[in-house]
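Peer 1: 3D model of this:
(one chain, ligands or ions: 3)
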Amino acid sequence: MRAVQYTEIGAPPVVVDVPTPEPGPGEVLLRVTAAGVCHSDITVMDWSASEYPYPLPLTLGHEGAGVVAAVGPGVEWVTEGESCVVYGPWGCGTCRKCTVGKENYCLRADRLGIRPPGLGAPGALAEYLLVDDPRHLVPIGDLDPVRAVPLTDAGLTPYHAIARSASKLVPGSTAVVIGAGGLGHLGIQILRATTSARVVALDVSEEKMALAREVGAHVVFPSDQRAPEAVRELTGGGADVVLDFVGLPATAAIAAACAGVESDVVLVGVEGGSVEVGFGTLPFETTVTAPYWGSRGELLEVLDLARSGQVEAEVERYGLEEAPAVYERLRARRIRGRGVIVP
Ligand code: NAD
Ligand code: ZN
Ligand code: ZN
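Peer 2: Ligands and ions are numbered 1, 2, ... in the order given. So this is what the prediction gives:
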C-alpha cells in the first residue's frame, strides 16, 4: 500500500510503498477514507535527533477515518464495512484515567510503549490503518468522513479545552481564540455552540481573520501587540478564557496580556510559548493550563455537534501523493481549515 512517511530527521515526508498490515488478535484493519494533516506533525518533523522519540520511518497521520476492512481473531462486535473515526490518544485501557475514557491522560502508556497512530505507531496517512483495539473506533454512520476526520483532534482538542472552562463561559463573558487555523476555526464554532460567551478571534492572516468571522467570531482583531489593549477595552478589564491555538512565545504573551481576573489561560499550541505564574505576574486567580487532546466521551459529543449541524470543519481535500505538498502549505499557514488526505 502507499503511505506517507517521515523517514529521516530533518527531511521532508515521502510517499512510499509499504506492506499492507494484517490484523493480529484483537486488532482491526481500516481502509482509510480520510486523514487530517495537523500542525503538530510539523513540530515533530522539526525536532532534532536527540528530541525525536519515535521509531523511524514513521507513517504520519493522527486524525484517521476509515471503513472496517478486516478484523483479527477475537474481535466480534465490529462489522466489516462500517464507517468509523479513530479515537487517537491510545492508552492502556485499564488505568484510573483510561477507565473513565481519558486515554489522553493514560498513566501507563509511556511505560508500556503505547503510542497514538501517527505519533509513534503507524498512522492514518496511508491506504490502510491498523487499530490496536475496537474501543478506539467510533462509528459515524452517514457522516462524511472527510468532514468528520478533523473532529478527532482539531475538534476534540478545543472541545476539551473549552469544556473544562465551561463554568467561566457564562452570559456576559468573553472568550479569546488566538489562531483561527485547524483547531481555532473549530474552537470558535464549539464556543458558539456550547457556551454563551462573546467570541473574540485573533490571527495574523487576513484570510484566517475572514474565516474566523464566517464561522462565528463576534469580534476579530489582528494578532499583534495592540490586541491585548483592544481586548481589555472591549471587556472592561480582560477576557474570562483565553485559548492559544498557536503556542508561540509571542502568542502566549498576548494570551497572558488578554487575561482578566479569575480567568483561564489555556495553552493548546506547542511552539515553545509559556506563561509565567506567580503573585503579581497575572490578574488575581488566573489559571494557566496546557491540556492535551480529549476523552473518548468528548469525541462522541463533538461528533454530535457535527451531526446536528452546529459544527462543520472547513476542509481542503487532497490525494495521498499530494501529502508532502500539503505539509508545506500548512507550514506556510495557507490551509483554510484542515487539510484532509483522501487516499
Ligand atoms: P494551523 O497551522 O492549522 O493553524 C495555526 C493558525 O495560527 C493559522 O491560522 C495561523 O494564521 C495562525 N497564526 C500564526 N501565527 C499567529 C500569531 N502570531 N497570532 C495569531 N495567529 C497566528 O495549526 P493547527 O493544526 O490548528 O495546530 C495549532 C497548534 O496546536 C499547533 O501548535 C499544534 O501542534 C497544536 N496542537 C496541540 C494539541 C494539544 O493536544 N495540545 C492538539 C493538536 C494540535
Ligand atoms: Zn494534532
Ligand atoms: Zn491507561
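Peer 1: which elements pack onto the helix or strand hosting Val16?
Peer 2: Element membership for Val16, per DSSP states H and E: strand 14-17. Contacts defined by 3 or more Cβ pairs under 8 Å, 6 or more residues apart in numbering; DSSP states H and E place strand 14-17 against strand 2-6, helix 323-331. Every C-beta, even on glycine, is put in place using the N, C-alpha and C of the backbone.
Peer 1: partners of that strand in the sheet?
Peer 2: strand 2-6 (antiparallel) (DSSP bridges).
Peer 1: now the partner strand: buried residues?
Peer 2: Arg2, Ala3, Val4, Gln5, Tyr6 (16 or more other Cβ atoms under 10 Å).
Peer 1: from memory the third one sits against Ile341, does it?
Peer 2: Yes - in terms of Cβ atoms under 8 Å, Val4 counts as a neighbour of Ile341; the distance is 7.4 Å.
Peer 1: give me the common contacts of these two.
Peer 2: Gly61, Leu125, Leu320, Ala323 (Cβ atoms under 8 Å, 6 or more residues apart in numbering).
Peer 1: ok, which pair from those is furthest apart?
Peer 2: Distance extremes for the shared contacts of Val4 and Ile341: the farthest pair is Gly61 and Leu320 at 10.1 Å, using Cβ to Cβ.
Peer 1: neighbour count for the two, which is higher?
Peer 2: Taking neighbours as other Cβ atoms under 10 Å, Gly61 and Leu320 compare with Gly61 leading, 30 against 19.
Peer 1: whichever strand or helix holds Glu262 pairs with which strands?
Peer 2: Using DSSP H and E, Glu262 falls within strand 259-267. Paired strands of strand 259-267, with direction, are strand 239-244 (parallel), strand 287-289 (parallel) (DSSP bridges).
Peer 1: buried ones in the next helix or strand after the last one, by neighbour count?
Peer 2: Later in the chain than strand 287-289, the nearest helix or strand by DSSP H and E is helix 296-307. Buried residues in helix 296-307, defined by neighbour count with 16+ other Cβ under 10 Å: Arg296, Glu298, Leu299, Glu301, Val302, Leu303, Leu305, Ala306.
Peer 1: and what of stretch 8-28?
Peer 2: Result for stretch 8-28 [16+ other Cβ under 10 Å]: buried residues Pro13, Val15, Thr20, Pro21, Pro23, Glu27, Val28.
Peer 1: list the contacts for the second one?
Peer 2: When you say that, I think you mean Val15. Here Val15 is in contact with Arg2, Ala3, Val4, Gln5, Leu320, Glu321, Ala323, Pro324 (Cβ under 8 Å, 6+ apart).
Peer 1: give me every residue in the stretch 201-343 of the chain lying close to ligand 1.
Peer 2: Within reach of ligand 1 by Cβ under 6 Å from any ligand atom, the stretch 201-343 of the chain has these residues: 202-205, 208, 223, 245-248, 250-251, 268-271, 292-293, 330, 333, 335.
Peer 1: in the stretch 1-150 of the chain, which spans are helices?
Peer 2: With helices called from DSSP state H, counting those that start in this stretch, the stretch 1-150 of the chain shows them at 39-46, 96-99, 109-112, 145-148.
Peer 1: tell me which of those sits most buried.
Peer 2: Mean neighbour count (mean count of other Cβ atoms under 10 Å) peaks for helix 145-148 among the helices of the stretch 1-150 of the chain, with a mean of 22.
Peer 1: phi and psi next, for the closest residue to Ala180 other than its chain neighbours.
Peer 2: Nearest residue to Ala180, sequence neighbours excluded (Cβ to Cβ, 6 or more residues apart in numbering): Ala212, at 3.9 Å. Here the main-chain torsion angles of Ala212 (degrees, to the nearest 10) amount to phi -60, psi -40.
Peer 1: quick check: Ala323 vs Thr194, distance?
Peer 2: Note on Ala323: its distance to Thr194, by Cβ to Cβ, to the nearest Å, is 32 Å.
Peer 1: Serialize the strands paired with strand 259-267 to CSV and add fields for mean pLDDT, mean neighbour count and distance to Ala161.
Peer 2: Below are those laid out as CSV (pLDDT from 0 to 100; neighbours: other Cβ atoms under 10 Å; distance: least, Cβ to Cβ, whole Å):
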stretch, mean pLDDT, mean neighbour count, distance to Ala161
strand 239-244, 99, 28, 6
strand 287-289, 98, 16, 8
